[in-house]
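Novice: sequence-free structure coming up:
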């Protein structure tokens, strides 16, 4: 193995350990996040140039490998998490803009159809992001987030398969897990997340960046290839 490759592996391992400390060391309110990190069920990757088309191609290639390797017959969950090297600090507005630019590029380089179980319209109540033919709930994370639970060591995106939430419902544990996470988030923040709603109540696009948005907020995502 070349020294360059060894250094890259070492850097990714170090970055992943920072996120482990953020989730486990800080007793993060999301119990599912704690579970996947404690069981080493996190497919973690690092990329340069957050928000670019070239980065989208790299993310999508790794995400498709993640989907192909996922055991949809198992009750075990595996999270796809990406971190971005380079610029570390964004205002909430800047992060939101860059997050949606990255998601737009991901959509445009993806050659698969939108998951039929969810809507591609970001204004629709059943909207969810789709990549590789699978629906994902997106969680944007960065140091300057107003939500403490999203103040990751540096900019990152968690791609959570919607299948996982359906699996929790099938296991009759969804509402218990959801309520416990919300309770712990209130304990951490001192107030409930104003953007939090269940899937199907309102477009989840409003929740992706973590920024509190008003009624006049319009999602910048456009469905359709360029």
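Specialist: All right, it came through fine. None of these values were measured; they are calculated from a predicted model.

Novice: could you list the low-pLDDT ranges of the chain?
Specialist: Along the chain, the parts satisfying pLDDT under 70 run over 1-12, 192-200, 225-226.

Novice: centre-most residue in it?
Specialist: residue 158 (2.3 Å; Cα atoms, centre = their mean).

Novice: please identify which helix or strand holds the closest residue to it other than its chain neighbours.
Specialist: For residue 158, ignoring the flanking residues on the chain, the nearest one in space by Cβ to Cβ, 6 or more residues apart in numbering is residue 139 at 4.1 Å. Bear in mind the C-beta positions are built from the backbone N, C-alpha and C, glycine included. Counting by DSSP states H and E, the element that carries residue 139 is strand 134-141.

Novice: strand partners (parallel or antiparallel) of that strand?
Specialist: Here strand 134-141 is paired, per DSSP bridges, with strand 129-131 (antiparallel), strand 156-161 (antiparallel).

Novice: can you tell which of these is closest to residue 96?
Specialist: Checking the strands paired with strand 134-141 against residue 96 by Cβ to Cβ gives strand 156-161 as the closest, at 12.1 Å.

Novice: could you say what helices and strands whichever helix or strand comes after the closest one packs with?
Specialist: Next helix or strand after strand 156-161 toward the C-terminus (DSSP H and E): helix 162-170. Contacts defined by 3 or more Cβ pairs under 8 Å, 6 or more residues apart in numbering; DSSP states H and E place helix 162-170 against strand 134-141, helix 174-189.

Novice: just want the angle from helix 162-170 to helix 174-189.
Specialist: Following axes from the mean of the first three to the mean of the last three Cα atoms, to 10 degrees, one obtains 110 degrees for the angle between helix 162-170 and helix 174-189.

Novice: residues contacting helix 162-170, please?
Specialist: Helix 162-170 has contacts (Cβ atoms under 8 Å, 6 or more residues apart in numbering) with 32, 72, 75, 77, 115, 117-118, 128, 134-137, 174, 177, 199.

Novice: separate out the buried members of these.
Specialist: Buried by 16 or more other Cβ atoms under 10 Å: 32, 77, 115, 118, 128, 134-137, 174, 177, 199, out of the contacts of helix 162-170.

Novice: which one among these gets closest to residue 87?
Specialist: residue 136 (23.9 Å).

Novice: distance-wise, check residue 73 relative to residue 167.
Specialist: Relative to residue 167, residue 73 is positioned 10 Å away (Cβ to Cβ, to the nearest Å).

Novice: hmm, back to that, how about the strands paired with strand 134-141, which one is nearest residue 21?
Specialist: Among the strands paired with strand 134-141, strand 156-161 sits nearest to residue 21 (Cβ to Cβ), with 13.6 Å.

Novice: list of residues touching the closest one?
Specialist: By Cβ under 8 Å, 6+ apart, the list of residues contacting strand 156-161 reads 19, 33, 63, 70, 79-84, 99, 102, 131, 134-142.

Novice: repeat the analysis, applying 7 Å as the threshold.
Specialist: 63, 79-84, 99, 134, 136-141 (Cβ atoms under 7 Å, 6 or more residues apart in numbering).

Novice: would you pull up how far it lies from the middle of the chain?
Specialist: Its chain's C-alpha centre and that of strand 156-161 lie 2 Å apart, by Cα atoms, centre = their mean, to the nearest Å.

Novice: with stretch 136-153 instead?
Specialist: Worked out by Cα atoms, centre = their mean, stretch 136-153 lies 9 Å from the chain centre.

Novice: ok, stretch 140-156 next?
Specialist: 11 Å.

Novice: fine by me, thanks again.
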